[in-house]
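1. structure for the following, please:
(chains A and B)
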Amino acid sequence: MSGKATEMTHRSEAPASVRVDHQLIAEMVEPGSRVLDVGCGDGALLQLLINEKGVDGRGIEISRENVNACVARGLSVIQGDADQDLSGYPDNAFDYAVLSLTIQATRQPRVVLENLLRIGHKAIVSFPNFGHWKIRTTLLLTGRMPRTPNLPEAWYESQDSHLCTIKDFSDLVQLVDAEVEDAVAFNSRGQRLAIKNSLSLQNLLGEKAVFLLAPRRSR
Amino acid sequence: MASEEPLIVPTTRRPSAVVQDAALNQVHHPESELVVFPADQPLRLDSGQEIAPLAVAYQTYGTLNADKSNAILICHALTGDQHVASKHPVTGKGGWWETLVGPKKPIDTERFFVICANILGGCMGSSGPASINPATGKPYGLDFPVITIGDMVNAQRRLIDHLGIDKLFSVIGGSMGGMQVLQWCARYKDRVVTAMPIATAPWHTAQNIAFHEVGRQAVMADPDWQGGNYYAANVRPARGLAVARMAAHITYLSEKALQDKFGRGFQNRDARSFSFDADFKIESYLRHQGSTFVDRFDANSYLYITRAMDYFDLEAEYGGLLAAAFRGTKTQFCVVSFTSDWLYPTRDNKEIVKALNGVAANVSFVEIESDKGHDAFLLHEPELFATVTGFLNAAAQKRGIA
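-> Predicted coordinates:
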């Protein structure tokens, strides 16, 4: 899942040292906090958060090679799966539960999101936006599933069983009774677009999005 | 798998007296550091009984730094001993974990002070069934009390106290050594900074107990066992212990490893002999494993240690909730399993990880691809070396251990 996600973004971006979505997540996280990165891939985000924010960082990663590489780098990472292994964590064990470009590859995105909001005081979720204008036009004009730098694989090879748009994700956030504290989309040049101001427009222009969520505590 | 080429070695009635004496000599006069806690400081056991005096034989490697922050305790497995990185005094072979422990190795003895003690119940100088029972002046035999993994850990704690070490930078062990690691972390939370339980389990399963029972019954069925009092008669239940070792050895390997190394190959012959000789390479190999084992290991120790492993159930000890064993832990864990290990499979190791996650402990978990079975933890596994190196390095850096 995240192994692929990593590959996907490597292809989509100029060889910048830090990915723009990682940089944004690092800005959202309070220094010294406890962070669980679900689907942490090669550990790049965790390492960034530890270096820049001094967080107490942990990771879960599905790929054995990635896990072993992370642990050999001194990161605290377990081999596991967002769908299966989140239920074992206690409530509010972390300040932030991060799901970076992974939710579209989970079997039960809603359950995963609910678990993130339970485990973390806050959840940070990033995902590729299937509502981006290039994807819409490709589907409209060719009548075939789009293959973009962000979504490079053929439909029958892709792990992404639950692709969604920014609007779809916003609906899920409502459904699981969470509050959006911040939401930012990135256009194809890596520029930030504030989603709160114009959901429909950013759903068209954003290639990917990062949401900072908190559970609604008071009912 | 051991490196020796398979040999035709008949399962002798008993090993040569000279070799056996060398083994027994280690019980009473170990070629190791030895600390004896006198009779007025008995070790109280989980069974309620006591052992006094208590002998703990151990080896150390490297130098303890000024603030005593660089000590690593290695816990050995069922048939291991304190000679983790030094020549075995009976067999003359190198240390059992020299792949991992030594100068510039993943557990770097130029950086860390490494301690390895013979377990309670062992036969390499720590108190065990072959030791002298002060009440009779003769070897304990079956008068030695039944011990647990927790008792082994308490004996080690005595040693660590004796060495003046408050906090262990790491406690590391595979198989039964991993059980001791878990027990250390459960009982002495504030004394363990990092922990590496490797190829282990939080409890012994029915299958684990079953294999051990086969081994024990093989020992006890040997007429030379004599109800455990074989020392005085100067005989050894060598056949029984060899059979126990042969059966156990199979569980340390994988079907693929056996097939790849031995297949249906014949040993020093081209065809079936129509006898019960060791026709097949695998038979010869197992007989060799059995016969060399009895030269260095005490049969009663084998009974006591396997029993301690069978009794191990950290979940039961903590009220039926494994996570409770680790509640409040500050220890940083790294759990390691191997894909082809069916004795302590990944599933069992993941139970430890789940419990640690359940208390939001700091845990890494690595499953290493290997076809070498349970024995993989003792063998050349570069991914294991990378994991141990990375994990210890990062933790040592964080704590300013040079």
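2. residues from the stretch 1-150 of chain B in reach of chain A?
-> Residues of the stretch 1-150 of chain B lying close to chain A by C-beta under 8 Å from any C-beta of the partner chain: none are found. Every residue, glycine included, has its C-beta placed from N, CA and C.
3. contacting residues around the closest residue to chain A within the stretch 1-150 of chain B?
-> Taking C-beta to the nearest C-beta as the measure, the stretch 1-150 of chain B has residue B:106 as its residue closest to chain A, at 10.4 Å. Counting by C-beta atoms under 8 Å, 6 or more residues apart in numbering or on different chains, residue B:106 touches B:100, B:385, B:388, B:389, B:392.
4. keep only those of those that are in helices.
-> Per DSSP state H, helices hold the following members of the contacts of residue B:106: B:385, B:388, B:389, B:392.
5. from chain A, how far out is the closest residue to residue B:253 other than its chain neighbours?
-> In space, and not counting its chain neighbours, residue B:253 is closest to residue B:373: 4.3 Å by C-beta to C-beta, 6 or more residues apart in numbering or on different chains. From residue B:373 across to chain A, the span is 18 Å (C-beta to the nearest C-beta, to the nearest Å).
6. my guess is residue B:373 meets residue B:249, correct?
-> No. Counting by C-beta atoms under 8 Å, residue B:249 is not a contact partner of residue B:373; they are 10.2 Å apart.
7. quick one, strands of the stretch 101-250 of chain B?
-> Taking DSSP state E, counting those that start in this stretch to define them, one finds strands in the stretch 101-250 of chain B at B:101-102, B:107-108, B:113-117, B:132-133, B:138-139, B:168-174, B:192-198.
8. tabulate the ones you listed (JSON lines), appending mean pLDDT.
-> What follows is those, written out as JSON lines (pLDDT from 0 to 100):
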{"stretch": "strand B:101-102", "mean pLDDT": "98"}
{"stretch": "strand B:107-108", "mean pLDDT": "98"}
{"stretch": "strand B:113-117", "mean pLDDT": "98"}
{"stretch": "strand B:132-133", "mean pLDDT": "96"}
{"stretch": "strand B:138-139", "mean pLDDT": "96"}
{"stretch": "strand B:168-174", "mean pLDDT": "98"}
{"stretch": "strand B:192-198", "mean pLDDT": "98"}
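9. looking at the ones you listed, which is nearest to residue A:187?
-> Nearest to residue A:187, of all the strands of the stretch 101-250 of chain B, is strand B:192-198, at 44.4 Å by C-beta to C-beta.
10. right, is that closest one up against chain A?
-> No. Judged by C-beta under 8 Å from any C-beta, strand B:192-198 and chain A are separated, with a smallest distance of 10.7 Å.
11. assign residue A:21 to helix, strand or coil.
-> Put simply, residue A:21 is helix when judged by DSSP: H, G, I helix; E, B strand; the rest coil.
12. need the contact list for it.
-> Contacts of residue A:21 (C-beta under 8 Å, 6+ apart): A:9, A:100, A:101, A:126, A:186, A:208, A:210.
13. biggest separation within the ones in helices among the contacts of residue B:106, which pair?
-> It's B:385 and B:392 that sit farthest apart of the ones in helices among the contacts of residue B:106, by C-beta to C-beta, at 10.9 Å.
14. more neighbours, those two?
-> Shown here are residue B:385 and residue B:392; by other C-beta atoms under 10 Å in any protein chain shown, residue B:392 has more neighbours (24 against 16).
15. I figured the more buried one hits residue B:105, correct?
-> No. Using C-beta under 8 Å, residue B:392 makes no contact with residue B:105, being 10.7 Å away.
16. got any ranges where the stretch 301-402 of chain B has weak pLDDT?
-> The stretch 301-402 of chain B contains no residues with pLDDT under 70.
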